[in-house]
Structures are given as C-alpha cells and as structure tokens.
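# generate coordinates for the sequence data below:
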Amino acid sequence: SELVWIAVPIVFLAGMVHGAFGIGFPLVATSLLALFGDVLTAMLITLLPTMSVNLMIIYQSGLSQLRIIKKHLLIIPFALAGTMLGSILLVLLDPRPFLLILSAAILLYLNQEKLKRLKLTWIESHRLTAYVFFGLVAGLMAGTVNVMMPVLMILFLELKLAMASMVMLFNINFFSGKLTQSLFFSQQLPGVEPFLLKTLWLVPVALLALLLGSGIRERIDEAHYLKFMRALLWIIAVVLVARFFYSYIESG
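Alright, predicted model coming up:
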C-alpha cells in the first residue's frame, strides 16, 4: 500500500514526539495518516508501531512506577470494553464520520488547559463510577479514532496524578487496548494479518525515533516545540473536517 510508504516520515515524527513527552504517538500518527486515507487504514498501519512504542515507555518507566499506579489499573477492563465497542463500530459503520470524531479528539487535546479548570469534584468521591465512565469513553475513542489520551487526561488531572504516573497509565491502557483490537481485527477483517506484516518494518522506525526523542527530552526548547506541535494539530483538525465534507461532495 502506498500509504505504508507515506507512513515512514509520519511514524518517525510521531515517535520523536512520544519520546520527548512520553505520549502522543497515536494522536500524531493517526491524524496525519488520516489526511491521506481513511481512519481504519491509518489505525491498521500504526497498530504495531504504537504497541511497540507503548511497551518501550512502560519498560522505561519501570516497576517502581507500576507500584505507584496499581490502584488506578482498575480502569483497564472498562477501557478494554470501550475499545471493543469502538472497534465494532469502526468496522460496521461508514468510516467518513470518524474524520470528524478524530478532529474533535484533537481539539479536546488542544484545549486541555481549559479542561484543568473543570470542576469535577465527584471523581474523587466516586472513583469506581469515574473509572467506568472515563474508561468506557476513552476506550470508545481509542477503538474508533485511535486516541484516548484527552479523555484520560481529564480523569487523571482531577485525581492529581503526577505526570510520570499519567504517562505510565496512558501507555498501559493504550497497549492493552491495541492488543485487544489487533485480535479483533484479525478475526473480523479478511487479509489483515498480511497487511500488518507489511507494516512490521515501521516498528524499528518508531523505536529509533522514540529513543532519539527521549535523548533530546532534556535539551529541547519545550515551549517552541509545543507551539509547533499545537499549530500542526490545529491545521490537521481543520483539514480533517474539510476532508469529511469533500468526501460527501465527491460521492455526490
């Protein structure tokens, strides 16, 4: 697939972002690839690279971080249930509206500073309810458009988790969700295994970029880097909306 070749610089950029900040690979990679194809294809191309990047971050975070976040791992089964539901919807429904959902997920991420001002005091006093609600919604987003971070960020900010703990939880949730989704796709989509094998060589590209991103984490001018990424994501969000409307005009 031509899109697999286009994926090389995109996967590299997404890996650098994830290495520098510990998060962001699926958001950047899926959003950019969706500009050239549909969301489902973008998700399939990024499936193995995403899982490898998640695993590397989990390994780098270490067992000590795992002990700190273990009480929050209760969210995982609900996120997995949401991911399965999202994956089913992605396979059964018209893929074009998912361009709008992906754009909305980007805008949610770009406005995370405003999310910090939300008063969701019920989360602390009703943790199980919060895990169920945010886990299902985050999983649904991950299953349909490959993005769960904005939803989980609302929850973890309210629980006042340290950034290192958030990063570990993002990666554990996403890895477990992608593993479940890969098994689902292999059962429901004919020819998905050969397609995924064609993307296997993107894994070292993603890991190399991740390591380079990790290496420059302490040296980059974070303010300028974030400004560039925000501008890029705004452009992507607008283009995704334009592609949604164009796809319907083109089909008559």
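# low-confidence ranges in the stretch 151-252 of the chain?
The stretch 151-252 of the chain contains residues with pLDDT under 70 at 217-218, 220-222, 224-226, 229, 250-252.
# now find how far off-centre the one helix or strand Pro49 maps to is within its chain.
Element membership for Pro49, per DSSP states H and E: helix 39-69. Taking Cα atoms, centre = their mean, to the nearest Å, the mean C-alpha location of helix 39-69 is offset from the chain mean by 10 Å.
# swap in stretch 80-91?
14 Å.
# same check on stretch 189-204?
Relative to its chain's centre, stretch 189-204 lies at 19 Å (Cα atoms, centre = their mean).
# buried residues in the helix holding Pro49?
For helix 39-69, the neighbour count (16 or more other Cβ atoms under 10 Å) marks 39-54, 56-58, 60-61, 65, 68-69 as buried. No exception for glycine: its C-beta is placed from N, CA and C like everyone else's.
# does anything pack onto it? Which helices or strands?
helix 2-21, helix 25-33, helix 76-92, helix 97-110, helix 127-145, helix 163-188, helix 192-198, helix 202-215 (3 or more Cβ pairs under 8 Å, 6 or more residues apart in numbering; DSSP states H and E).
# just those helices: most buried one?
Comparing the helices and strands packed on helix 39-69 by mean neighbour count (mean count of other Cβ atoms under 10 Å), helix 25-33 comes out on top with a mean of 27.
# avg pLDDT for that helix?
Mean pLDDT, helix 25-33: 88.
# let me know the angle separating that helix from helix 127-145.
30 degrees (axes from the mean of the first three to the mean of the last three Cα atoms, to 10 degrees).
# hmm, who's touching helix 25-33?
3, 6-7, 10-11, 13-15, 17-18, 39, 41-43, 45-46, 49-50, 53-54, 102, 105-106, 109, 142, 145-147, 149, 174, 206, 210, 229, 233, 236-237, 240 (Cβ atoms under 8 Å, 6 or more residues apart in numbering).
# if we use 6 Å, what do you get?
10-11, 14, 17-18, 42, 45-46, 50, 53, 146-147, 236 (Cβ atoms under 6 Å, 6 or more residues apart in numbering).
# now do stretch 101-115
Contact with stretch 101-115 is made by 34, 141, 144-145, 147, 150, 153-154, 233, 237, 240-241, as judged by Cβ under 6 Å, 6+ apart.
# name the nearest residue to Ile57, ignoring sequence neighbours.
In space, Ile57 comes closest to Asn171 once its chain neighbours are excluded; the distance is 4.5 Å by Cβ to Cβ, 6 or more residues apart in numbering.
# for the one you found, give its distance to Ile76.
Per Cβ to Cβ, to the nearest Å, Asn171 is found 12 Å from Ile76.
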